[in-house]
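Asks: Fold the following, please.
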Amino acid sequence: MTQLDTTEGLRVSVLASSSSGNVTYLETPQHKVLVDAGLSGKKIAALMASIGRDLNDVDAVFVTHEHTDHIHGVGVLARRYHLDVYANEGTWQAMSPKIGKIAPEQKHIFEMGKTLSLGDLDVESFGVSHDAAEPQFYQFHHDDHAFAILTDTGYVSDRVASTIADADGYLMECNHDLMMLRDGPYPWSLKQRILGDQGHLSNDDGALALMSVLGHRTKKIYLGHLSQENNAKKLAHQTVSDFLADHDFGVDDAFQIMDTDPAVADPLTIV
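Replies: Numbering: from 1, shown residues only. Next comes the predicted model:
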């Protein structure tokens, strides 16, 4: 096993984020966890190594919903590294046929709207609007710091916004640019799905959502789940940055906007 850094703080690395695969790593002095495992076990292990961490040290994976870009490696990682897997009942029923057998003692039901306490890490779940069985995302709390993950939702309700308001950091969905999606090659039925209330947030939607939740504590914003066909890093970053700056938010002063990548992990950073 690797020698773990026991420095106080909530540390985060977005290992991969896109429409093709999503994995986020978080750690406290006592716990190391993943949110989703949407790539192969081999790729996730390599991404962990790139930030100086080892999957043998991970305790658990928290699953948001059963779509392949979020669960591809869940079964393999659970079996190989003996990880506890947390998801709500609806997600377990939908993903179980896709991820293979997992030992009963590793399977945990995490109900929507509840908070799970794991030593120095509290995990808060909340429901979102997406075309999955029972989609939910998570806000992680440690030592008066919070990091909220919100992707794969067609819109952000007042309830969700109030739940994650004034976190220290966010992974916020900016799935597509509206013009790129509308003018792109996707069939109209798929475009309707993405644009619908159970689809995905656009760059503009992500910026609006951030306006409703940013607070004085917020220091880092990661733009995530970018479509490789209907978006671009520079475009998402510029759209969100300009939108927030135009509304007098302290871009690059009060907080930083960070890009994410489908295959390159963001540095492990305290939030």
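
Asks: For the residue lying closest to H176 once chain neighbours are set aside, which residues are in contact?
Replies: Leaving out its chain neighbours, the residue that sits closest to H176 by Cβ to Cβ, 6 or more residues apart in numbering is N230, at 4.0 Å. Where C-beta positions appear, they are placed from N, C-alpha and C, glycine not excepted. Listed by Cβ atoms under 8 Å, 6 or more residues apart in numbering, the contact set of N230 reads 175-177, 180-181, 184, 186, 194.

Asks: measure F140 to L178 for me?
Replies: 31 Å (Cβ to Cβ, to the nearest Å).

Asks: Comparing the two, which residue is more hemmed in?
Replies: Between F140 and L178, counting by other Cβ atoms under 10 Å, F140 is the more crowded of the two (27 against 15).

Asks: Just list the residues touching the closest residue to K233 other than its chain neighbours, thanks.
Replies: Counting by Cβ to Cβ, 6+ apart, K233 lies nearest to D259, which is 4.8 Å off, once chain neighbours are set aside. Listed by Cβ under 8 Å, 6+ apart, the contact set of D259 reads 222-223, 233, 236-237.

Asks: confidence score at D259?
Replies: As predicted, D259 sits at a pLDDT of 98.

Asks: again, but for Q3
Replies: For Q3, the model assigns a pLDDT of 47.

Asks: swap in the one 5 residues further on?
Replies: With respect to pLDDT, E8 scores 72.

Asks: From the rest of the structure, what touches the biggest helix by length in the chain?
Replies: Criterion DSSP state H: the longest helix present in the chain is helix 233-246. When contacts are defined by Cβ under 8 Å, 6+ apart, helix 233-246 is touched by residues 174, 177, 180, 203-204, 206-208, 210-211, 214, 221, 223, 226, 251-252, 257, 259, 261.

Asks: Buried ones in that helix, by neighbour count?
Replies: 235-237, 239-241, 243-244 (16 or more other Cβ atoms under 10 Å).

Asks: try stretch 18-35
Replies: Neighbour count says stretch 18-35 has 18-29, 31-35 buried, by 16+ other Cβ under 10 Å.

Asks: Which ones among the residues you listed map onto helices?
Replies: Going by DSSP H, the helices hold none of the buried residues of stretch 18-35.

Asks: what about the residue nearest in space to the middle of the chain, which SS state?
Replies: Centroid check for the chain by Cα atoms, centre = their mean gives I149 as the closest residue, at 4.4 Å. Put simply, I149 is strand when judged by DSSP: H, G, I helix; E, B strand; the rest coil.

Asks: Please name the nearest non-neighbouring residue to it.
Replies: Using Cβ to Cβ, 6+ apart, the closest residue to I149 is L171 (4.5 Å).

Asks: V33 pairs with what?
Replies: L26, A60 (DSSP bridges).

Asks: Okay, helices next: where are they in the stretch 51-200 of the chain?
Replies: In the stretch 51-200 of the chain, the helices defined using DSSP state H, counting those that start in this stretch lie at 68-71, 74-81, 89-99, 158-163, 178-183, 188-195.
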